[in-house]
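S.K.: Turn this into a structure:
(6 chains)
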6 protein chains.
Amino acid sequence: MSGDEQYERGLEALREADSGAGQKLLEALADVSPELSYRSVAWSYGDLYVRPELARRDRELMCLGVLTALGDTGSQLEVHVNGALNAGLTPSEIVEALLQAVVYCGVPRAVNATLVAKKVFAERNLLPVRPTPAR
Amino acid sequence: MSGDEQYERGLEALREADSGAGQKLLEALADVSPELSYRSVAWSYGDLYVRPELARRDRELMCLGVLTALGDTGSQLEVHVNGALNAGLTPSEIVEALLQAVVYCGVPRAVNATLVAKKVFAERNLLPVRPTPAR
Amino acid sequence: MSGDEQYERGLEALREADSGAGQKLLEALADVSPELSYRSVAWSYGDLYVRPELARRDRELMCLGVLTALGDTGSQLEVHVNGALNAGLTPSEIVEALLQAVVYCGVPRAVNATLVAKKVFAERNLLPVRPTPAR
Amino acid sequence: MSGDEQYERGLEALREADSGAGQKLLEALADVSPELSYRSVAWSYGDLYVRPELARRDRELMCLGVLTALGDTGSQLEVHVNGALNAGLTPSEIVEALLQAVVYCGVPRAVNATLVAKKVFAERNLLPVRPTPAR
Amino acid sequence: MSGDEQYERGLEALREADSGAGQKLLEALADVSPELSYRSVAWSYGDLYVRPELARRDRELMCLGVLTALGDTGSQLEVHVNGALNAGLTPSEIVEALLQAVVYCGVPRAVNATLVAKKVFAERNLLPVRPTPAR
Amino acid sequence: MSGDEQYERGLEALREADSGAGQKLLEALADVSPELSYRSVAWSYGDLYVRPELARRDRELMCLGVLTALGDTGSQLEVHVNGALNAGLTPSEIVEALLQAVVYCGVPRAVNATLVAKKVFAERNLLPVRPTPAR
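M.R.: Numbers count the residues shown, from 1 in each chain, chains lettered A, B, ... in the order given. Coordinates of the predicted model:
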């Protein structure tokens, strides 16, 4: 598969994954580094995201873990909280996953990520979050 | 529940979760900071790990994401690669989760985590890893 | 001591420690993750902060060091600059502690933390800071 | 050379390097930690920047790499994107350098840094950036 | 260009760039994640490294900056100190670049990176390093 | 004060502060970057450490916080655990300070730092550590 095919496939996967939240970032990059925009889409969504070796729901959990720990990743977390919801994670599961993170990367990182999740939940009318046993 | 009950419950959950890999860390702390050892177990395993709001398998994915991104977490990753296997993730899924991380936290972090996973897989006779579609 | 007693004790210690600066964070979490809010208070303030093994002033210095180095911790730094003042550190000592950090975690982290301290000092009418020999 | 001479030499080098972008940071520190401001200038610009062992253009590339990877360094990146332009790097080279970073520290860090670069380019009427072969 | 062509081109570029230092890492990954190995090569060397928008020497400086700041990147730094030498940076320039980093990411990161550089210089009989004005 | 006077004063302060633990690092740098070695000493010990605005004991607490949170700082932590002991912190206070860090930067960073402290305590015959109320 050529790079361009991968990019096209990635754009489609991204739109399906995040309901458009990533689109803002791609547009912001358009006049400064379309090259970075292109790779973000082609590598993350065109190459990895569609591989059958891991469920999309699991990929989104992994992304939440990585982005929470890194810090200074608000825009990307917004994309992936949307992606996590669209891949079938419930708000309660997402909030609990961010709670799990607190022991490993500390309260400030977990709080920051939880407040980004809150923003996305608010936009999608999912507040307040009620703790629910996972299925 | 008192702190001590939480610790006892945590010790049990930890043993079940990681087949003993965390025991080394607890012992290393015994004569310097049993207090830190106590909280690691009581908070992570006695409090959070056993909550029904998120499946253990999902908690382990989240931990892999956080620990991969943080870096300098070899001993903890060893515990949680074991935990991930014991919670039902396959070696192929773990390897693919670490591959997903590469776009978000870069090649060095992903390579380091993958080499820790390799060490655990070797101890459990799970090498070589064959990419397999997730169920 | 049960978790709830620890939380109650923690809330009290927190209020005393930071003059209310942490309250905003707890409220922001209320409809998304009261669970995270609960642990932040119970663990940090209900469990650790009140232990006699380290003076509160020393705990606050340690927190300043950790939060400065982590980065992306503005809200938490605000809480702990207030906490440091309330535990008896002078503005001059706080500023000097952040200056000490510069050699170990670099200018950007030290500058960010110092600008958060400036914000807190301004709210408490403590500007300009005059370097003063520590007692 | 005394500290004060180093500071004076640094101030001059800084002004020449960044067209005044660093001045805002120095002023923000003036009433809280002139001591930190002093060291930032004396160490970075008065001592290191003027050493003949590395070209200024190369120093700026190194700074871009460090600041991109660290995260939470927006203000400093602004200074050094200006510094990089003033030292002779083209917008296309800067954008490509930030693209190179993506493989090592991941998409979120590279995107954040690229958006800071975009802000500086906009202020200097250098948008849109057109990829150009380096000389 | 297909992914496989990109990988082949990348392998060639990598060998030329680092005199074989990266080969150890690729081999270590072979039985656990050839997929990660493949992307490291195809993305970093097959795609980015060969682009004409930035000189290889400049790419290596950028990599040194990123890897120094990240920390816990010893194996990758080894590859890129070799890469930097092969792209024309002198030992004196590399050491000075790592010295420049100290102001931005602190002494521990700069010391760690410098000791990796020392190891590579020792293997290539380039010690002791003599500070030399850059051309 | 000239740079060389600052370096000489720093060397003396360092020896007094850390009982020689930093000497290994300085020697390791001698044939690769005496320039980095020089700045580490002149800036950290010759300039900052001797300033009267903060007690040495407080500086060491701050350093422990920064180094614990950064990660991948084993050699420097060794120097500063020695420094903390020499500045009057007890093993119990140091262990408790590292315990305080756990809530803010997570278990892996706190465990790593505590195991470095254990190493230093072992060398100085200070194990096992007995929790003791701070004075």
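
S.K.: switch to C-alpha atoms for all contacts and neighbour counts from now on
M.R.: Fine.

S.K.: in what helix or strand does the closest residue to chain D within chain A lie?
M.R.: Chain D sits closest to A:Asp31 of chain A, with a gap of 4.8 Å, by CA to the nearest CA. In the assignment (DSSP states H and E), A:Asp31 maps to no helix and no strand.

S.K.: can you list the residues of chain A near chain D?
M.R.: Residues of chain A that fall close to chain D, judged by CA under 8 Å from any CA of the partner chain: A:Ala28, A:Leu29, A:Asp31, A:Val32, A:Ser33, A:Glu35, A:Leu36, A:Ser40, A:Gly71, A:Asp72, A:Thr73, A:Gln76.

S.K.: which of these count as buried?
M.R.: Neighbour counting by 16 or more other CA atoms under 10 Å in any protein chain shown classes A:Ala28, A:Leu29, A:Val32, A:Ser33, A:Leu36, A:Ser40, A:Gly71, A:Asp72, A:Thr73, A:Gln76 among the residues of chain A next to chain D as buried.

S.K.: ok and the residue in chain A nearest chain E?
M.R.: Residue of chain A nearest chain E, by CA to the nearest CA: A:Ser2 (4.2 Å).

S.K.: mind checking how far the closest residue to A:Asn82 other than its chain neighbours is from A:Glu12?
M.R.: Leaving aside its sequence neighbours, A:Asn82 sits nearest to A:Asp18 (CA to CA, 6 or more residues apart in numbering or on different chains; 5.1 Å). Distance, A:Asp18 to A:Glu12, using CA to CA, to the nearest Å: 10 Å.

S.K.: With A:Ala84 instead?
M.R.: 17 Å.

S.K.: Of these two, give the one with the bigger neighbour count.
M.R.: A count of neighbours by other CA atoms under 10 Å in any protein chain shown puts A:Ala84 above the other of A:Ala84 and A:Glu12, at 27 against 14.

S.K.: Now for the more buried one, which secondary structure element holds it?
M.R.: Assigned by DSSP H and E, A:Ala84 falls in helix A:74-86.

S.K.: Break chain A into its domains for me.
M.R.: Domain ranges of chain A: A:1-53, A:55-135, per automatic domain parsing.

S.K.: Dump those into JSON lines; add mean pLDDT as well.
M.R.: Shown next, in JSON lines, are the domains of chain A (pLDDT from 0 to 100):
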{"stretch": "domain A:1-53", "mean pLDDT": "90"}
{"stretch": "domain A:55-135", "mean pLDDT": "97"}
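
S.K.: Need the winner for burial among the ones you listed.
M.R.: Of all these, domain A:55-135 has the most neighbours on average by mean count of other CA atoms under 10 Å in any protein chain shown, namely a mean of 23.

S.K.: restrict the residues of chain A next to chain D to contacts with chain B.
M.R.: When CA under 8 Å from any CA is applied, the members of the residues of chain A next to chain D adjacent to chain B are A:Ser40.

S.K.: Using JSON lines, lay out the residues of chain A next to chain D together with distance to D:Leu61.
M.R.: Formatted as JSON lines, the residues of chain A next to chain D follow (distance: CA to CA, whole Å):
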{"residue": "A:Ala28", "distance to D:Leu61": "23"}
{"residue": "A:Leu29", "distance to D:Leu61": "21"}
{"residue": "A:Asp31", "distance to D:Leu61": "22"}
{"residue": "A:Val32", "distance to D:Leu61": "18"}
{"residue": "A:Ser33", "distance to D:Leu61": "17"}
{"residue": "A:Glu35", "distance to D:Leu61": "19"}
{"residue": "A:Leu36", "distance to D:Leu61": "18"}
{"residue": "A:Ser40", "distance to D:Leu61": "22"}
{"residue": "A:Gly71", "distance to D:Leu61": "23"}
{"residue": "A:Asp72", "distance to D:Leu61": "22"}
{"residue": "A:Thr73", "distance to D:Leu61": "23"}
{"residue": "A:Gln76", "distance to D:Leu61": "25"}
